[in-house]
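J.: coordinates only, no sequence provided:
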Ligand code: TMP
């Protein structure tokens, strides 16, 4: 089947059914907008299994996404949507870029979850943008911005609760949304340790791509341990 798009971590293929795509998770990992890059066997499988598990859990809580079903160890079927070029980041605890940008100490708990928009544009290095920039760039109007923020906060609540049940803290995560042919905005892309920060509740162990970004060990062991925890749900 036709390869429609290849990104850093996934390939998107057409299927025989209009409106349905096949996502193949790749054994590649990158950090710093591709500055650091490695082939890591088994990583695609783990992100596919974890994303499938999390999208299914969200569905059980009434939160729809583009996800239809997992069809193999490394593939899933999804609804075709037009991806909105925003990385929507929700932060519960300070880590990563916000510690450098605004000086928060790593580990500082925010009084309320913070939603940030980053413009998905590799050439510009995915800059942080304001609501007014989102409108100027004709990415979304006021109503759509409100929909994106409300949906991101609901997804955060659901994910925090899922992680809490397995003794984990959801520090932050990045999600992407797409528009259906009807114009509805739905959750798309993936939710995996590549796109989240997840910390153990009782220790300083973490289960996310920071292990790779900071050269602190095997991401296969890290992601597998995270998946094992989710499977206990
Ligand atoms: P940041 O602290 O680097 O801004 O990242 C915030 C969250 O977003 C973190 O969980 C990692 C995730 N993220 C991505 O999934 N893709 C990206 O390109 C970036 C920059 C962050």
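T.: Thanks, I have it. Bear in mind the structure is a predicted one, so any value in this text is a computation, not a measurement. Numbers count the residues shown, from 1 in each chain.
J.: up against the ligand, what does the protein have?
T.: Residues of the chain lying close to the ligand by CB under 6 Å from any ligand atom are 87, 89, 96, 97, 98, 126, 172, 173, 174, 195, 196, 197. The C-beta positions use only the backbone N, C-alpha and C, and glycine is treated the same way.
J.: can you flag the buried ones in these?
T.: Among these, those buried by neighbour count (16 or more other CB atoms under 10 Å) are 87, 89, 98, 126, 172, 173, 174, 195, 196, 197.
J.: so the third one sits against residue 104, correct?
T.: Yes. Between residue 98 and residue 104 a contact is recorded at 5.8 Å, counting by CB atoms under 8 Å.
J.: what sits against the residue in the chain that the ligand sits nearest to?
T.: The ligand sits closest to residue 96 of the chain, with a gap of 2.2 Å, by CB to the nearest ligand atom. Residue 96 sits next to 172, 197, 210 when contact means CB atoms under 8 Å, 6 or more residues apart in numbering.
J.: what do you get for residue 43?
T.: With contacts defined as CB under 8 Å, 6+ apart, residue 43 is in contact with 25, 26, 27, 28, 29, 219, 220, 223.
J.: dump the residues you listed to TSV, plus secondary structure.
T.: Formatted as TSV, the contacts of residue 43 follow (DSSP: H, G, I helix; E, B strand; the rest coil):
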residue	secondary structure
25	strand
26	coil
27	coil
28	strand
29	strand
219	helix
220	helix
223	helix
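J.: can I have the buried ones of those residues as a ChimeraX selection?
T.: To isolate the buried ones among these in ChimeraX, judged by 16+ other CB under 10 Å, type:
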select :25,26,27,29,219,223
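J.: same list, the contacts of residue 43, but as CSV with pLDDT and distance to residue 35 please.
T.: Formatted as CSV, the contacts of residue 43 follow (pLDDT from 0 to 100; distance: CB to CB, whole Å):
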residue, pLDDT, distance to residue 35
25, 98, 21
26, 98, 18
27, 98, 19
28, 97, 14
29, 97, 12
219, 97, 17
220, 98, 21
223, 98, 21
